[in-house]
Each structure stands twice: as structure tokens, then as C-alpha cells.
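Trainee: Using only what follows, build the 3D model:
(2 chains)
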Amino acid sequence: MAPIAVVFVVLYVIPMSQSLYYSFTDFNGYVSNPKFVGFDNYTELFKDPSMLSALGYTIFYAVATTILVTVAAIPLALTLNRKFFGRNLVRSAFFFPAVPSVAILGLVWGFILNPLGSGVLNSIIHSLTGLGPIPWLSNSTLAQLSTVAVTIWAQTGWHAVLYLAYLQAIPADYYEVSKIDGAGSWQSFRYITLPLLVPAMAVSQLLLMTNGLKVYDLPFTLTRGGPGFSTRTLTQSLIEDGIAQSRVGAASALAVLFLLVVGLVVLGQMAITNALQRKYS
Amino acid sequence: MTKYRNLLTSVLMIMLAGLMSVPFYYIVVNTFKTQEETTKNPLALPTHWVFDNYIKVFEGTPVVQSLMNTVYVTAVSIFLMLAIGSLAAFGQITGRSRISQIIGAVLVAAFIIPGQATLVPLYRMLVGVHLVDSLNGLIVIYACGSIFCYYLILGYMRTIPAEVLEAARIDGAGPFRIYWMIVLPLIRPILVTVGVFQTMWVWNDFITPNVFISSEDKQTLVLQVYAAVGQFTTDWPSFMTLTVIVLTPMVLFFVFMQRHIVSGLISGSVKG
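Mentor: As a prediction, this is how the structure comes out:
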């Protein structure tokens, strides 16, 4: 037990307590006697426009990807659960974007969505329809939507495979029985498949939501957080403030808020799941 | 009727999968073209295949060095995680002391604390012990993955019948001998699953090297691709070539480990 206790204390307990402590001080990384400033760092956070826009974008990203990936992954999983020619190949193709590093995928999509006329997608659109360059990554709204779209592309297959694992655990005779009892395909989906998918949805959405709030790689490699601050994430702010600019106090306050928000989401999601499971079982 | 429906599903799904894969086709096909051809016909097959891009990338970038760095960091990190995680799980199963019970319960907190919340103090801590911009510093950070390993291994270890360990103890085997000779071979399947899952995390990780590594000779593969964007802003084929070279090991890993990746995904997501 000793080594893991060391890992836990050194990599979690000590840094977490430091974050908590620094968040109440004006520590900037150099002064040896940081002054206690109470909740100043926290109130500052909510006055900083770049911070607020990072908060807004991160929440938008987390909610949008959670909803859209779920909406796409469940039908995909249901289809992949049926028998058809080439099924294994299709499954692998959908799952594959989850294999390489998300950061590299972001960089590649950066080339594809390059807003200049010479960008890959733009030149394809131009040759097909004659339209001029579309500012995929240089218009704030389009850049935000692009980060969500690339995430859906990258993650839907992964989550569909997760749902698929749960679907395959549903015994086939459940469907036999319901067919004999005269249930239509919608009814057997609604009363057999959906309730049994609730645990899968809980897991998948918890992952999507927490990963969405913690996101850094994909918006950063695709857009560097721009244009302006439009796709800057909380994690990016935290890294830039806390490490590059040594605003340790402010970054620590953000870190503590981060812990609280992620913790609340985890607990909230667990409560909702328990309620749903009671309702359906 | 069902036959036609299956055929329709098949055609639709293969088309959709093909559409999804266009970005991968795009990066691979352009590594064999000249710059001029890439701009003119981004999606067409090359009129004549050129391999100059590969020669240029291998000669002009430290890709081999980065590969060695990544292999080193990944191998040592995974070994450490599995060793720490499995020893702790073994201690939890056999020890049953008050302290180990308490530690086991407290470790759950590690799942709720996001890496972001500890990042800045960890950075300062590593600065203090001169492990910033060092591959060993990355390994220290990745050691936090051992808690995830601990939970998955613990769950699996509980399925070993207590009689097996009891019999070994009666036969006079010490705790370490029991761990090494009996427990480790029995938990091999979960070690492979967790190992594969964590390998993908460490190998693909961007945020940690991006924060902790600054010199070129210590870059990991992912970080090198990121750094190369500036170098190759106008030379797209070279950038795509570097990407393909960097992605190849992971693709091979996927091909051979697909089954374990999926089972890791399922057991990992249930716990995590």
C-alpha cells in the first residue's frame, strides 16, 4: 500500500492543498511571503472578460458535445448491432478516430478547415459549387461550431462501441417474448432496449460531460483558442495564467472552482442515473 | 424483404464509414504527392508517386529521437503504474489492516480531482526538483495513473478464490512469493487490458508534454507534430508525412490490440 499512498499524497493531496491555499493569496510565483487576500481571486475571476468567455465556451462545448454525440451514437450503435455485410469493417472505421492522439487530429483538421481559399474543404466546396472561401476557423461562431463538429466526428464511434457493449448484453429472448406478445419494433425499443441502455447512457454522458469541461487538446490544436478568445477553454486559461504568466493566485482559484464544478457534475449525474434506474427497473 | 433491408443498411453504412474516413485518406494520399499537386487536387490519387516527403521528414526533423522519447516514457510509465497498482491491490486483498482500508477508501477522491486542479502546483513542484523539461518528470506525472490501475486490478483480484492464496500460505510461501508466483499470472488478462488502455493515454497525451517539455530533443511524438505546424505552414505534404509517420505505431497497435482496446474501454469507463 505504501507506494500508492505516496503517489496519492504527492500527486493529489499536496498539490490540491496548495491550489486551495494559493487561491486565497496574492502569490505570483516569486514573493516568498504571499499575502492572504480572502476571496479576491474568486471575485476577480468573475470580472475578467477572457475568463468569462472561456467559461461560456467551455460550458457550451461540454453541453453541445454531450447531447450531439449521444444523439448520434445511440442510432449508430443500434445499427451496428444488426447483421449486415461489412459490419466489422464499418465498426472499425467508426471507432478508428478514437485511436490517434486528439491533438494530432486537431492539427490535421486545422489544415482541412483552413479558412483561406486554399484550404482543403474550401477548395473542394469551390470546385463543386463555386462558392468563395468560408471562414471555418476565423469566424467566432463558425470556429466554435467547428470544434464541436470535429469532436462529434472523433468521438461518436467510441461511444457507439460503448453502447454496443451494453446492447449485446441484452438477452435475445427478451425480444422473442415481446414479439410473441405482439409488441411492435418501437414498443420493444421503448420498453426493452431503452431501459437497459440507461446505465450505458449514464456512463457515456458522464464521460462526455467531464471530458467536455476538462477539454484542452482539441480546441487548442484546431484554433489556438481563437479567433480572439472565442474557443479558449478554461484549461487553456488555467495553464496560461498559472504557468506562463505566473498569476498563481488567480489560476489556483480557477483550479478550485474547476474541482467543485466537476465534482458537482459527477455527483449530480450519479443522482440522476439512480433516479432513472429506479424509474425504469 | 429483410434481405433488401440488410443490403440497404450495408450500402448506407459503408458509404457513411467511407465519408468518415476521408480525412485519413486525405493525409495518407498527400504524402505521396508534390506540393503543387496537393494544392491542385487535394483528394485525387497522385499522378506519379513520390517518396521525397518521407526522406525529407526523416532527415529534416528529429522524428526518430521523439519516437525513442515516447517509447521510453510510455514503457516506464506503464510498468510503474501496473507495478504500483497491482501491489496496492494485492496489499488490499491480503492485508485487511485498518490503515489499508482507510487508504483504499480515500483513493476514490483521485477520480474526482481533475488534473487541471493540481497542474500549477505540480509544475512548481517539478521545478523545485529539476524535473521540468525532463522525460522522467513526465513519468512522475503519469504515475498518477496507477490509482486507476489499482481500482481495475482490485476488482479483478477479488475474483481469485481466497482458498488459492490460503493454500499457498499454508505451503509456506511468503507474501512476495504469493504475489509473484500466483497472483501475477492469474491477473494477466486485466494487466493487459489496463496496460493497453493506459498506453493509449500516455502515448497520445498532449497536455502534459506541452506544459512540461520545452526543448526539442525531449519532445514526444505528439508534441513534435504540434511544433512542426509552424515549421511546415506552407509545406503541407511534409506536414502530412510527419503525421502519417507519427500515427503509424498507434495504428499498428490498434490493429493488434483492437479486442483489448474495446474491453479496456468498457471496463475502464465503468470504473472511471
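
Trainee: Wait, a helix at residue A:84?
Mentor: No - with DSSP: H, G, I helix; E, B strand; the rest coil as the criterion, residue A:84 is assigned coil and is not in a helix.

Trainee: Count the residues that sit near residue 60.
Mentor: Since you didn't name a chain, this refers to chain A. 16 (other C-beta atoms under 10 Å in any protein chain shown). Placement of C-beta: from N, CA and C, glycine included.

Trainee: wrong one, I was asking about chain B
Mentor: 14.

Trainee: how near is it to residue B:127?
Mentor: 32 Å (C-beta to C-beta, to the nearest Å).

Trainee: and the helix or strand hosting residue B:94, what does it pack onto?
Mentor: Residue B:94 is part of helix B:63-95, with elements assigned from DSSP states H and E. Where contact means 3 or more C-beta pairs under 8 Å, 6 or more residues apart in numbering or on different chains; DSSP states H and E, helix B:63-95 is packed against helix A:2-8, helix B:98-106, helix B:135-142, helix B:146-157, helix B:188-204, helix B:221-231, helix B:236-271.

Trainee: Could you check the angle it makes with helix B:98-106?
Mentor: 130 degrees (axes from the mean of the first three to the mean of the last three C-alpha atoms, to 10 degrees).

Trainee: Mind listing what's buried along helix B:63-95?
Mentor: Under the neighbour-count criterion of 16 or more other C-beta atoms under 10 Å in any protein chain shown, helix B:63-95 has B:63, B:66-67, B:69-70, B:73-74, B:76-78, B:80-82, B:84-95 buried.

Trainee: show me what contacts residue 72?
Mentor: Unless you meant another one, I'm taking chain A. Contacts for residue A:72 (C-beta atoms under 8 Å, 6 or more residues apart in numbering or on different chains) come out as A:152, A:156, A:160.

Trainee: The intended chain is chain B.
Mentor: residue B:135.

Trainee: for residue A:265, same thing?
Mentor: A:206, A:209-210, A:213.

Trainee: Where does it fall, secondary structure wise?
Mentor: helix A:248-280.

Trainee: Now do the domain split for chain B, please.
Mentor: B:23-56+B:219-261, B:75-213 (automatic domain parsing).

Trainee: Surely residue A:226 is in contact with residue A:143?
Mentor: Yes - counting by C-beta atoms under 8 Å, residue A:226 touches residue A:143, with 7.2 Å between them.

Trainee: quick one, which of these two is more surrounded?
Mentor: residue A:143 (24 against 15).

Trainee: correct me, but that one touches residue A:230?
Mentor: Yes - at 5.7 Å, residue A:143 and residue A:230 qualify as touching, with contact defined as C-beta under 8 Å.

Trainee: Give the intersection of the neighbour lists for the two.
Mentor: residue A:223.

Trainee: thinking again about what came up before, format the helices and strands packed on helix B:63-95 as TSV; extra columns: mean pLDDT, distance to residue A:120 and mean neighbour count.
Mentor: Listed next are those as TSV, based on pLDDT from 0 to 100; distance: least, C-beta to C-beta, whole Å; neighbours: other C-beta atoms under 10 Å in any protein chain shown:
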stretch	mean pLDDT	distance to residue A:120	mean neighbour count
helix A:2-8	74	44	19
helix B:98-106	76	50	14
helix B:135-142	88	33	22
helix B:146-157	85	38	23
helix B:188-204	88	23	20
helix B:221-231	83	15	20
helix B:236-271	79	9	19
